[in-house]
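Need a 3D model of the following:
(4 chains)
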Number of protein chains: 2
Amino acid sequence: MSLQPNYFQQYQHADMDELADLIGELLQNPITIEDADHKLIAYSSHGDSTDPARWSTIMGRRVPEKVLTRLWKDGVFQELLTQDDPVHIPAKDDIGLGKRVAIAIKRSTDVLGYIWAQEVNRPLTPEDDEILRQAAKAAVSRLIQRQGKRKAEEQRRTEFLWELLLGNHSSEAAIRQKADSLQMQMPSHSLICIVEAAGARLDQYLYPLLMRDKLYWVVDGSQIILLIGLLDGKKDERDVLLRKVEQFLADSLSKLVTHASEGKVIAGYGREYKGYSQIVKSYREALHAVKVKKLFPRETEGIHGYHQLGIYRYLLKLKQWEEEEGYKNERLERLRQYDRDNQTAMLDTLETFLDAAGKMNVTAQSLHIHINTLSYRLRRIEEIMQVDLENMNQRAALYLELKISKINQEQ
Amino acid sequence: MSLQPNYFQQYQHADMDELADLIGELLQNPITIEDADHKLIAYSSHGDSTDPARWSTIMGRRVPEKVLTRLWKDGVFQELLTQDDPVHIPAKDDIGLGKRVAIAIKRSTDVLGYIWAQEVNRPLTPEDDEILRQAAKAAVSRLIQRQGKRKAEEQRRTEFLWELLLGNHSSEAAIRQKADSLQMQMPSHSLICIVEAAGARLDQYLYPLLMRDKLYWVVDGSQIILLIGLLDGKKDERDVLLRKVEQFLADSLSKLVTHASEGKVIAGYGREYKGYSQIVKSYREALHAVKVKKLFPRETEGIHGYHQLGIYRYLLKLKQWEEEEGYKNERLERLRQYDRDNQTAMLDTLETFLDAAGKMNVTAQSLHIHINTLSYRLRRIEEIMQVDLENMNQRAALYLELKISKINQEQ
DNA sequence: AGTTCGTTTGTGAATATCCACAAAGAGCAG
DNA sequence: CTGCTCTTTGTGGATATTCACAAACGAACT
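So this is what the prediction gives:
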């Protein structure tokens, strides 16, 4: 290692464009340098032959979304993020991407940018890999400076979003002013969406989606908190926004469940509000939704919106009230005692029956029992608990009580 | 009037027994004087022939329950309470009661006691009625003195009961001591029951029942608040107590609905508790039950116990919470708007359907519509509200929301 | 007047529910 | 072992539910 020449010693303080040119000369191939957001920083100038992907990148001063999405999908970025060595990427003709080699520019695990080397004039060898490794190191200090300003602005944007989320703000006008000064385009109608995945680098995995939908977000531990709104004041805005959120969640969850295999992926979002000062409400609702979804994963499967929670919206509050009042549910306890005494599964039967909205055959099939067995058990349950399952009041009350009682039992 | 002799002038300060004897001599018939609780105060001594009712009264120092119940049932007491003249009562052989005349001893409208004159030796004439009127007047001052002590004790008992109801007490031991000093036999397990009937003299109408079940009670406006417990520590106490309350309510409500025709009769009771310090809880629950029954008379028909309220137990709390959170139910509002726009009755259809626990034919019959009409309406409701009525979570949530929304609308 | 839309009612067939009754197995006490 | 209770599963017939499809009606609009 130490015997190899140090190609970039004299370029420590050089311009990024000069660095790109130097790498291009050494590798005899076109070079592109991007920042972490895939914005173009520099590119080698005397490569006359190139591919549509590079051409679009230079013209748009950013890597096209289509290319990014594809590279995320194919796991290229995942490789770049996790390893320090160059990654050799085969040609992907359908998106106009020729064969190339890429390396991430990192400070420890922080990705500052990427260097891309196309393979058009000659194939790239393992020696070229070493050149790229050194080039990535040489680029670090320049990128840090460059990132400095961006980071500061990022920091101020994050702080601003937290202010919105926590409600630490003075007035609507002040918020609007601050958003303008940060060059943030705030939607008039918006809601908060939370995606939580233990152990996953959420913002990295979701980056293409976040970019696609032009969202503002904050990462908080294992949660990413998103501000979702519509910029252009459309008609029938409400349904459009809800569809946008559901679309985003469908995309992001399908992406995350494959990546974050460990632990579960949970998402929830609050209701849509008009003013900026209401964002705190939407955030609280989103948090509530996530909390409830953790407590009732099966029951709330497929539900993400606070407005869709149904009775689960009430349960925590009711639970708290029952504890304050010291209310003990004797009927449920009697059924539990019966189950313990007789090794039966009446409670489970009851819950399945209630979950099935009182449909006999659905319940029986779900429990893998004969429908007459179910009928018998329900008659016994009515006797034991002294309830009338045909009565909607009693049935609904039982349903609520049952779900409330499950809160602290971790199933 | 002024020409008639004043028979009892010299007896103003005489003994009650002497008064009874004098009346007996004047009417030539056996006389009995009772206080407002039908306890024996005095009786004429030289009446040799009498009937089983009078005999039992003297032997037991109180009018037998059987006789009282019958006289209340036949409206005799109602007459006595409302008028100042003697009431002529025909013989009621089945309870051993011979023909007699009675008059209430009153100070203004306060009943202090009764004078009973049997008709065995000779029939009683209108002149005898005047004698009884004067006798009743003469008895007032003596009875007031006699009632003085009783009233004071009554007062202290009432205060004690209010302390229990409102929780203004120090310790269980202190309560027990105070109860002993008031010669009140306190049940170990008890609950609070409230009967409310606007405009009715509750304690008077219910008196025989209160006596029969040996209850303690307090009258508060149009409510009578009862402490119901079991004195002897029986096995399976809980069900026994509940049966006792339900029996009492069945008896008293059937009695009251005939009397208090104006306004509705409402009754509610709290759960059973062990310690005296828990009575306040039972009282609050009883109040809650009464409050809810006023808001949902149809839905809670036949329900009196707090433990039977089902979802209605939660509704006020949930309503309060929704108001705090500023939660607006858009779905219900959409349906209401639809009903207004199209002159339809979707909301009513939905409520009936939910109340019928999702039974199609019950709902259709209740609404007097064809079952396919119902089916069509439900499909439309699902479209308009964007809900899935087959989903128990959504159905229960809708049920709750619907009932909550009715709270302030006075139907 | 004709058209369209939302609504009501009807028919028919597949499926589900409800109810009574019966047979069989498991567990348990005498 | 026998009898007993609790539980499960089965059969069959009366009712209910679900769905597709069609006819009829009224209100609003052109």
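
all contacts plus neighbour counts: C-alpha atoms, from now on.
Noted.

Tell me the secondary structure of the residue most central in space within chain A, please.
Chain A has A:V195 as the residue nearest its centroid, 4.5 Å off, counting by Cα atoms, centre = their mean. For A:V195, the assignment made with DSSP: H, G, I helix; E, B strand; the rest coil gives strand.

for chain A, what are the low-confidence residue spans?
Applying pLDDT under 70 to chain A flags residues A:1-4, A:10-13, A:47-48, A:200, A:232-238, A:259-263, A:410-411.

domain parsing for it?
Per the record, chain A has its domains at A:9-147, A:167-309, A:317-409, by automatic domain parsing.

The ones you listed: which one's closest to DNA strand C?
Among the domains of chain A, domain A:317-409 comes nearest to DNA strand C, with 3.3 Å by Cα to the nearest atom of the strand.

Without its sequence neighbours, what residue ends up closest to A:H307?
Spatially, and ignoring its direct neighbours in sequence, A:H307 is nearest to A:R271 (6.5 Å; Cα to Cα, 6 or more residues apart in numbering or on different chains).

again with A:L315
A:I404 is the one closest to A:L315 (Cα to Cα, 6+ apart), at 5.9 Å.

Could you say which helix or strand holds the one you found?
helix A:392-406 (DSSP states H and E).

what do you get for A:E285?
Per DSSP H and E: helix A:279-295 holds A:E285.

Residues in contact with that helix: which ones?
The contact list for helix A:279-295, computed with Cα atoms under 8 Å, 6 or more residues apart in numbering or on different chains, reads A:164-167, A:190-194, A:266-273, A:300-301, A:304-306, A:309, A:312-313, A:407, A:410.

Narrow those residues to those that are buried.
Buried members of those, scored by 16 or more other Cα atoms under 10 Å in any protein chain shown, are A:164-165, A:167, A:190-194, A:266-273, A:300, A:304-306, A:309, A:312-313.

quick one on the thing from earlier: in the next helix or strand after the helix holding A:E285, which of the residues would be classed as buried?
Sequence-wise, the next helix or strand downstream of helix A:279-295 (DSSP H and E) is helix A:312-325. For helix A:312-325, the neighbour count (16+ other Cα under 10 Å) marks A:312-316, A:318-319, A:322 as buried.

Throw the residues you listed into CSV and include distance to DNA strand D, thanks.
Formatted as CSV, the buried residues of helix A:312-325 follow (distance: Cα to the nearest atom of the strand, whole Å):
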residue, distance to DNA strand D
A:Y312, 24
A:R313, 26
A:Y314, 27
A:L315, 27
A:L316, 31
A:L318, 30
A:K319, 30
A:E322, 30
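
Columns distance to B:E383 on top of these, output as a markdown table?
Converted to a markdown table, those look like this (distance: Cα to Cα, whole Å):
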| residue | distance to B:E383 |
| --- | --- |
| A:Y312 | 22 |
| A:R313 | 22 |
| A:Y314 | 24 |
| A:L315 | 27 |
| A:L316 | 29 |
| A:L318 | 30 |
| A:K319 | 32 |
| A:E322 | 35 |
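
Pull the number of nearby residues for A:Q247.
12 (other Cα atoms under 10 Å in any protein chain shown).

Helix or strand: which one has it?
Element membership for A:Q247, per DSSP H and E: helix A:237-259.

other SSEs contacting that helix?
strand A:190-197, helix A:202-212, strand A:223-229, strand A:265-269 (3 or more Cα pairs under 8 Å, 6 or more residues apart in numbering or on different chains; DSSP states H and E).

Keeping just the C-alphas, turn stretch A:283-290 into CSV.
Coordinates of the C-alpha atoms in stretch A:283-290 are reproduced here as CSV (Å, rounded to 0.1, in the frame of the first residue of the first chain):
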residue,chain,number,x,y,z
TYR,A,283,-47.6,15.5,14.4
ARG,A,284,-49.3,14.5,17.6
GLU,A,285,-51.8,12.5,15.7
ALA,A,286,-49.2,10.8,13.7
LEU,A,287,-47.3,9.9,16.9
HIS,A,288,-50.6,8.6,18.3
ALA,A,289,-51.2,6.5,15.2
VAL,A,290,-47.7,5.0,15.4
